[in-house]
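# just coords:
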């Protein structure tokens, strides 16, 4: 499948056929002079997700909105980060599925595949498996970091900052730290190192409406 973010109305691509055989002669090789066309009219397109994030333990009811979908839950399969999202309902404009648990840290990905049309164009939409800072499950069953401790958020892990943690020695962000826009929050540490990761305090489309202190 091809992940489309922008595309033209029709794109023609050549067909290449490779034959795996020990002895291939010119007499049994056929060359196709035809092309395969990708067309917007035949491409299901995702226009939005709700919600855009949920627990890494799974169980989130994810609604995928779009156009040119194929109706019927048996006609579509959904995978979030490579994990099956079990489809409960599907219409020509909306799919509802339930996320599964994510056992390991991976980069976010979304695949919506129709049996008659192939993969949908995601248009950059992704669902974020995220762990709350305040939850013991985020820290392997241990209490959240205590004063003076150091924290590493590894690549592929996404943590929602839903509380103001105590003063920490070091925070290393290789994955994602997202501030929850529900209350004023503060994060204090001797050092904060963002190493190929991200810390998000609101976005241009969805600004942070509370006080943030770093």
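On my side now, so go ahead. Owing to the predicted nature of the structure, the values given are computational and were not obtained by experimental measurement.
# which residue sits closest to residue 164 in space, ignoring its chain neighbours?
Excluding the flanking residues, the one nearest residue 164 by Cβ to Cβ, 6 or more residues apart in numbering is residue 186, at 4.5 Å. The C-beta positions use only the backbone N, C-alpha and C, and glycine is treated the same way.
# Which residues does the one you found form beta bridges with?
Residue 186 forms beta bridges with residue 213, as assigned by DSSP bridges.
# Can you give me the pLDDT of it?
We have a pLDDT of 97 for residue 186.
# Please name the residues that touch it.
Residue 186 makes contact with 164, 212, 213, 214, according to Cβ atoms under 8 Å, 6 or more residues apart in numbering.
# possible to save these as a markdown table with distance to residue 50 and neighbour count?
Converted to a markdown table, the contacts of residue 186 look like this (distance: Cβ to Cβ, whole Å; neighbours: other Cβ atoms under 10 Å):
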| residue | distance to residue 50 | neighbour count |
| --- | --- | --- |
| 164 | 28 | 13 |
| 212 | 25 | 14 |
| 213 | 30 | 9 |
| 214 | 29 | 11 |
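# which of these lies closest to residue 119?
Nearest to residue 119 out of the contacts of residue 186 is residue 212 (Cβ to Cβ; 38.0 Å).
# what's the pLDDT at the closest one?
Value for residue 212, per-residue pLDDT: 97.
# go on, residue 67?
So, for residue 67, pLDDT stands at 96.
# Look up phi and psi at residue 99.
Reported as degrees, to the nearest 10, the phi and psi values for residue 99 are phi -70, psi 150.
# Tell me how many other residues surround it.
Using other Cβ atoms under 10 Å, residue 99 has 23 other residues around it.
# try residue 168
Number of residues near residue 168 (other Cβ under 10 Å) recorded here: 19.
# The one 3 residues further on too?
In terms of burial, residue 171 registers 22 neighbours under the definition other Cβ under 10 Å.
# If it is in a bridge, with which residues?
residue 151, residue 192.
# what's the distance between it and residue 197?
When distance is defined by Cβ to Cβ, to the nearest Å, residue 171 is 10 Å away from residue 197.
# Need the overlap of contacts for these two.
Taking Cβ under 8 Å, 6+ apart as the criterion, residue 171 and residue 197 both touch 153, 177.
# And residue 161, how far from residue 207?
Separation of residue 161 from residue 207 (Cβ to Cβ): 16 Å.
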